[in-house]
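Generate a structure from the sequence data that follows.
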Amino acid sequence: MKFIYIKLFFKALNEEISVQYKEYLHPDRYLIGHANWMFIYNVKEFYRAFIKLINEFKEIREIGFEDFRTIICNMKFEEEWNSEENKFKKEFVNIKNCLSSDDTNYYEVIKAIIQKAEYELLEERENG
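Residues are numbered from 1 along each chain as shown. Here you go, the predicted structure:
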C-alpha cells in the first residue's frame with residue numbers, strides 16, 4: 001500500500017473490526033487482508049475495492065449487515081485522513097451516508113457504489 005490515505009483507511013477498518021469482535025474467540029479471523037487495497041490511486045479503484053470488501057464481509061465471513069454498518073460508521077481515523085488532499089474522504093462520507101438509511105441493506109449499498117466503480121459490463125463491451 002503506497003498511498004497514505006488508503007493505508008489510513010485500511011488501518012482504521014481493521015482497528016474497528018478488532019473492536020467489534022474483541023469478545024470472539026478468534027477475532028483476528030475477521031480482519032481484512034491488504035491485497036485488494038494495495039494499488040488504489042483513484043476513486044474508481046477505491047469503490048471497486050470497497051465492493052470487494054462488501055462481498056468479503058457478506059459472502060466469505062458471513063457478517064450481517066448491521067455489524068457491517070456498525071464497523072464502517074464507527075471507523076476512527078488518524079488526523080492525516082482529514083487532509084484537503086485526501087480525495088477518498090468525500091467518497092467515504094458518501095458511503096456512510098448511504099449506510100445511514102434505515103432501509104439500507106447490502107444490495108442497496110452495492111447498487112449505489114457500483115455506478116461509481118464504473119464497471120464495464122460484458123453487454124456494454126459487446127455493443128460498444
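
in this protein, which helix has the most residues?
Across the chain, the longest stretch assigned as helix under DSSP state H is helix 4-20.

can you give me the offset of it from its chain's centre?
Relative to its parent chain, helix 4-20 has a centroid offset of 10 Å by CA atoms, centre = their mean, to the nearest Å.

Now do the buried residues in that helix.
By neighbour count, with 16 or more other CB atoms under 10 Å as the criterion, the buried positions of helix 4-20 are 5-10, 12-17, 20. Where you see a C-beta, it was placed from the backbone N, CA and C, and this is true even at glycine.

Same question for stretch 23-40.
Tyr30, Ile32, Asn36, Trp37, Ile40.

Check stretch 92-105 too.
Counting neighbours by 16+ other CB under 10 Å, one finds that the buried residues in stretch 92-105 are Phe92, Ile95, Cys98, Leu99.

same check, this time on stretch 70-86
Thr70, Ile71, Ile72, Met75, Phe77, Trp81, Asn86.

need those residues in a markdown table with secondary structure and distance to Ile113, can you?
Supplementary listing: those in a markdown table, determined by DSSP: H, G, I helix; E, B strand; the rest coil; distance: CB to CB, whole Å:
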| residue | secondary structure | distance to Ile113 |
| --- | --- | --- |
| Thr70 | helix | 18 |
| Ile71 | helix | 16 |
| Ile72 | helix | 12 |
| Met75 | coil | 16 |
| Phe77 | coil | 20 |
| Trp81 | helix | 20 |
| Asn86 | coil | 18 |
